[in-house]
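**Student:** this one's structure only:
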């Protein structure tokens with residue numbers, strides 16, 4: 001008796017946080033910062049979905065996901081802004097001088 005299993009896990013963009021803030025590392029087209037879900041598919045049917053841990057960059061053209069740290073423009077912008085109050089902060093600070101949150 002033989003059994004064939006067709007399935008796998010893929011990532012799907014759930015919500016665009018910032019549009020066009022970086023460049024794709026593969027094709028060079030604009031990339032968006034997105035929240036994503038991981039989706040388990042069995043026989044090409046979504047069975048189970050769970051949220052990803054951290055936002056990722058997503059290219060609409062080549063459909064790849066990659067961390068913002070690989071995109072130098074987005075990494076510089078993210079390092080200079082507080083993630084809670086979204087104000088520019090000196091990269092040498094450990095705490096935001098405006099809201100007091102840890103960076």
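**Tutor:** Perfect, thanks for sending it. The structure presented is a predicted model; accordingly, all values stated were derived computationally and were not measured.
**Student:** buried sites along stretch 45-65?
**Tutor:** 52, 55, 56, 57, 58, 59, 65 (16 or more other CB atoms under 10 Å). Placement of C-beta: from N, CA and C, glycine included.
**Student:** What are the neighbouring residues in contact with the first one?
**Tutor:** For residue 52, the set of contacting residues under the criterion of CB atoms under 8 Å, 6 or more residues apart in numbering consists of 11, 35, 36, 37, 38.
**Student:** Kindly report the same for the last one.
**Tutor:** Listed by CB under 8 Å, 6+ apart, the contact set of residue 65 reads 11, 13, 34, 36, 56, 57, 58.
**Student:** hang on, the fifth one packs against residue 37?
**Tutor:** To tie it back to what came earlier, the one meant is residue 56. No - counting by CB atoms under 8 Å, residue 56 does not reach residue 37; the two are 11.1 Å apart.
**Student:** residue ranges of the strands in this protein, please?
**Tutor:** Ranges of strands in the chain, per DSSP state E, are 7-23, 30-42, 45-51, 56-59, 65-66.
**Student:** State the distance spanning the first to the last residue of stretch 66-86.
**Tutor:** 22 Å (CA to CA, to the nearest Å).
**Student:** For it, what does the pLDDT average out to?
**Tutor:** Model confidence over stretch 66-86, given as mean pLDDT, is 66.
**Student:** picking that back up, identify the contacts common to residue 56 and residue 37.
**Tutor:** Joint contacts of residue 56 and residue 37 (CB under 8 Å, 6+ apart) are residue 11.
**Student:** Spatially, what comes nearest to residue 41 if we skip its sequence neighbours?
**Tutor:** Residue nearest to residue 41 in three dimensions, not counting chain neighbours: residue 7, with 5.6 Å by CB to CB, 6 or more residues apart in numbering.
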